[in-house]
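**Q** sequence first, then the predicted structure, then my questions.
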Amino acid sequence: MKQIDHIGIAVESIAKTLPFYTDVLKFTYLKTEIVESEKVKVAFIDCGNCKIELLEPLSNESPIAKFLAKKGEGIHHIAIKTADILGDIRFLTDHNVKMINETPKRGAGGANIAFLHPKSTQGVLMELCEKE
Ligand code: ZN
């Protein structure tokens with residue numbers, strides 16, 4: 001765990017939001033992907049030292065739809081890059097950090113991901129993110 005991989009931002013519509021990031025902030029749009037397991041559409045934006053993922057729900061059952069209904073658009077999670085997700089989950093658990101996912105699941109971009117429980121992180125939803 002050494003650097004932030006991406007910041008996930010919940011939005012009602014990627015189509016409406018993306019021009020702000022590309023045309024106004026001048027970041028580079030990379031690609032859009034559907035993550036079936038989370039019922040979410042993800043747009044990847046390269047910000048140089050970090051990425052932003054815009055998260056748009058595809059159904060009311062999506063965790064992002066529930067987040068939007070409760071809190072509205074905004075920062076959903078911060079993802080930390082890891083090269084050893086199983087080792088880091090063990091390390092965090094050993095340091096009394098409660099995990100939402102004690103075993104990794106498949107996330108956007110084919111990454112292995114696991115969420116830390118916000119109760120252990122001052123209310124910030126954090127994700128471990130391991131890419132090949
Ligand atoms: Zn993420």
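**A** Ah, there it is. Numbering: from 1, shown residues only.

**Q** okay, R106 and the ion: tell me how far apart.
**A** R106 sits 12 Å away from the ion, going by Cβ to the ion, to the nearest Å. Bear in mind the C-beta positions are built from the backbone N, C-alpha and C, glycine included.

**Q** same question, I80
**A** According to Cβ to the ion, I80 stands 10 Å off from the ion.

**Q** right, and that residue touches L128 too?
**A** Yes - counting by Cβ atoms under 8 Å, I80 touches L128, with 5.8 Å between them.

**Q** which residues of the protein lie near the ion?
**A** By Cβ under 5 Å from the ion, the residues of the chain that approach the ion are 8, 79, 127.

**Q** that older thread, and for I80 and L128, which residues touch both?
**A** Common contact partners of I80 and L128 (Cβ atoms under 8 Å, 6 or more residues apart in numbering): M1.

**Q** who has more neighbours out of the two?
**A** The residue with more neighbours, out of I80 and L128, is L128; 26 against 17, by other Cβ atoms under 10 Å.

**Q** circling back: so of the residues of the chain next to the ion, which ones are in strands?
**A** 8, 79, 127 (DSSP state E).

**Q** just list the residues touching the second one, thanks.
**A** Put plainly, it is A79. Neighbours of A79 in contact, by Cβ under 8 Å, 6+ apart: 4-8, 53, 113, 126-129.

**Q** mind doing that once more with 10 Å?
**A** Going by Cβ atoms under 10 Å, 6 or more residues apart in numbering, A79 touches 4-8, 50-51, 53, 107-108, 111, 113, 115, 125-129.

**Q** run through the bridge partners of it.
**A** Taking DSSP bridges as the rule, A79 bridges to H6, E127.

**Q** picking that back up, show me how to select, in ChimeraX, the buried members of the contacts of A79.
**A** In ChimeraX syntax, the buried subset of those is picked out as below (16 or more other Cβ atoms under 10 Å):
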select :5,6,7,8,51,53,107,108,111,113,115,125,126,127,128,129
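
**Q** helices of this protein, start to end?
**A** For the chain, helices defined by DSSP state H occupy the ranges 14-19, 63-71, 85-94.
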